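**Student:** quick one: sequence and predicted model below, then my questions.
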Amino acid sequence: MVHLLSAIVAAMVVVLSLLGLFYCLQLLLAILPVRGRELRPMVYGERGRLAVIIPAHDEGEGILPILSMLKGQLRPGDKLVVVADNCSDDTAAQARSVGAIVVERRDEARRGKGYALDFGIRYLESDSPDMVVFFDADSMIEADTLDVLVSHCYSSGRPIQGKHVMLSVEGARIDAPVASFGHLVKNDVRLLGLRKLGLPSHITGSGIACPWVVIRDADLAHSHAAEDKKLGLDLTQAGHPPYYCREASIWAAAPFSAEGTRTQRERWERGHLSLVRIAPQYLRAALRKRDLGLFMLALDIAVPPMFLLIFLLAAAAIMAGGLAFLGGWVLPIWIASVTLVCVVALTLLAWWRYGREVLPARLLPFLVHFIWSKIAVYSRGPFRSSTSQWIRTDRSRTGN
């Protein structure tokens with residue numbers, strides 16, 4: 001029985017270690033001063049007609065900042081379209097007050113961001129633009145974000161994903177900087193590593209520019225819990241691999257309230273774990289097509305979130321150690337332990353290189369609080385559903 005259990009744990013250790021080493025490779029490449037394969041716009045600032053789509057569900061309190069920022073970056077002939085999806089507040093009125101085109105959608109049975117995006121694309125069909133850019137209603141951008149995104153998209157003909165991160169602002173919860181660092185590793189550092197390998201990028205939810213001829217045929221009308229990354233995989237499979245444009249910055253504020261933090265983390269974990277379930281189908285498709293980019297993206301979504309990966313490797317090392325003490329195999333302990341050390345070391349180096357402003361050293365003790373909150377998320381069962389009903393993140397300053 002001990003040897004059987006050792007074999008099971010050894011298999012688990014091998015899988016986790018392969019995923020952990022891929023994670024380490026991404027971080028190492030991001031940290032090293034190597035340029036990799038960069039996509040540069042042929043004519044910076046040149047582009048065709050543009051439509052910006054903002055899907056919004058009950059965002060009346062917070063939608064005006066992104067609309068105001070975008071209005072200053074649009075050119076004559078461009079469109080700013082807000083899809084007010086199943087809203088019960090004044091989202092539509094707020095958007096119209098600053099001159100945005102508002103299309104309202106009502107469908108209680110088909111709810112979710114994907115349906116709203118598809119509704120916006122269908123609206124544009126009668127007078128289609130050259131490119132479409134998606135932003136979330138709670139996003140913030142730099143003065144040149146839109147121009148950088150569409151210049152890269154126009155010159156390359158590829159989908160472009162900007163640097164989309166979460167920032168902890170004054171008044172946020174004590175563990176918000178830890179969550180922001182995890183988000184930075186996932187949405188920036190690891191994607192930079194993929195870019196340096198010449199591989200496609202994931203779509204991360206906001207700040208995506210796409211040629212019309214590509215996005216018009218994309219499968220958007222669904223309620224998958226991770227509709228953004230699924231879109232990136234689908235585009236890559238269709239021969240349109242997204243490119244990570246770190247030079248275009250998009251960010252959102254971390255939630256202030258306990259409820260907003262809880263729902264956001266549950267949605268993210270449920271979305272990621274739902275992707276793990278569909279990773280095999282993309283891996284098979286990549287092998288059939290001999291598509292390295294699709295294969296590596298599918299492998300990447302199988303990598304557990306940073307803190308979960310560390311926890312699983314530590315648990316595997318402990319289990320392997322216990323079985324070795326009872327007479328089981330010793331090698332799995334070494335494999336799990338070495339991988340764990342590499343993962344922790346590269347994560348610390350990534351923090352030193354990119355994350356010290358997001359997570360100052362004085363706030364590192366709040367890792368314990370954050371890890372405990374993650375355990376609570378998993379205890380509530382994030383595996384239970386792969387669909388999303390578009391639960392808006394509460395960013396009110398109450399309930400800290």
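**Tutor:** Received it, and whenever you're ready, just let me know what you need. Remember, it's a predicted structure, so these values are computed and weren't measured experimentally. Residues are numbered from 1 along each chain as shown.
**Student:** would you confirm that residue 300 contacts residue 186?
**Tutor:** No - checked against C-beta atoms under 8 Å, the pair residue 300 and residue 186 is beyond contact range at 9.9 Å. Every residue, glycine included, has its C-beta placed from N, CA and C.
**Student:** who has more neighbours out of those two?
**Tutor:** For residue 300 versus residue 186, the count of surrounding residues by other C-beta atoms under 10 Å is larger for residue 300: 25 against 20.
**Student:** state the pLDDT value of the more buried one.
**Tutor:** According to the prediction, residue 300 has pLDDT 95.
**Student:** same check on residue 327?
**Tutor:** The model reports residue 327 with a pLDDT of 86.
**Student:** what sits against it?
**Tutor:** residue 2 (C-beta atoms under 8 Å, 6 or more residues apart in numbering).
**Student:** for residue 305, see how far away it is.
**Tutor:** 34 Å (C-beta to C-beta, to the nearest Å).
**Student:** how about residue 272?
**Tutor:** Distance from residue 272 to residue 305, by C-beta to C-beta: 6 Å.
**Student:** can you name the next helix or strand after the particular helix or strand that has residue 324 in it?
**Tutor:** Residue 324 is part of helix 306-325 when elements are defined by DSSP states H and E. Next helix or strand after helix 306-325 toward the C-terminus (DSSP H and E): helix 331-350.
**Student:** same for that next one, what does it pack against?
**Tutor:** Judged by 3 or more C-beta pairs under 8 Å, 6 or more residues apart in numbering; DSSP states H and E, helix 331-350 is in contact with helix 2-31, helix 306-325.
**Student:** would you turn these into CSV with distance to residue 76 and mean neighbour count?
**Tutor:** Output for these, formatted as CSV (distance: least, C-beta to C-beta, whole Å; neighbours: other C-beta atoms under 10 Å):
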stretch, distance to residue 76, mean neighbour count
helix 2-31, 39, 18
helix 306-325, 44, 19
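**Student:** so which of the ones you listed gets nearest residue 370?
**Tutor:** helix 306-325 (7.4 Å; C-beta to C-beta).
**Student:** what does the closest one rub up against?
**Tutor:** With C-beta under 8 Å, 6+ apart as the test, helix 306-325 has contacts from 2, 5-6, 9-10, 12-13, 16-17, 19-20, 23, 182, 185-186, 303-304, 328-330, 332-333, 336-337, 339-340, 343-344, 347, 370-371, 374, 378.
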